[in-house]
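**Student:** I'll drop the sequence and a predicted model, then ask my questions.
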Amino acid sequence: MPVPFETLIPYGIMIAMFGVSGAGLAKIKHMQSGGKRSRHSVDQWDRQMMDRDRRLTGYLRGQTDNTAAPAGFELNNPWRVEKRFS
């Protein structure tokens, strides 16, 4: 006894939506990495260097060959200091 094709339409829609959302998330991750492959098992040192690269270039994975830091970088401190007293 054959299965009517109308019963398979919801499964096809679900599979298509999983594929579209997976491809979209992969593209967004690729764009956030500046066109480079995403990194896995990033330790504290890598996070620190990636944050430094972000502050220098504006991209999390961006790197520059400029020997001098851009203007204002000397005041661009990644450490957050709380104000206890006004």
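**Tutor:** Structure received.
**Student:** so how far is Phe5 from Met50?
**Tutor:** Distance, Met50 to Phe5, using CB to CB, to the nearest Å: 50 Å. Yep, even glycine has a C-beta here, placed from its N, CA and C like the rest.
**Student:** tell me which residues are up against the biggest helix by length in the chain.
**Tutor:** When the chain is parsed with DSSP state H, its longest helix is helix 9-32. With contact meaning CB atoms under 8 Å, 6 or more residues apart in numbering, helix 9-32 is reached by 37-38, 60.
**Student:** how does it look with 6 Å?
**Tutor:** For helix 9-32, contacts defined as CB atoms under 6 Å, 6 or more residues apart in numbering pick out Ser38.
**Student:** beyond it, next helix or strand please.
**Tutor:** Later in the chain than helix 9-32, the nearest helix or strand by DSSP states H and E is helix 44-57.
**Student:** which parts of that following helix are buried?
**Tutor:** Neighbour counts over helix 44-57 (16 or more other CB atoms under 10 Å) mark 50, 53, 56 as buried.
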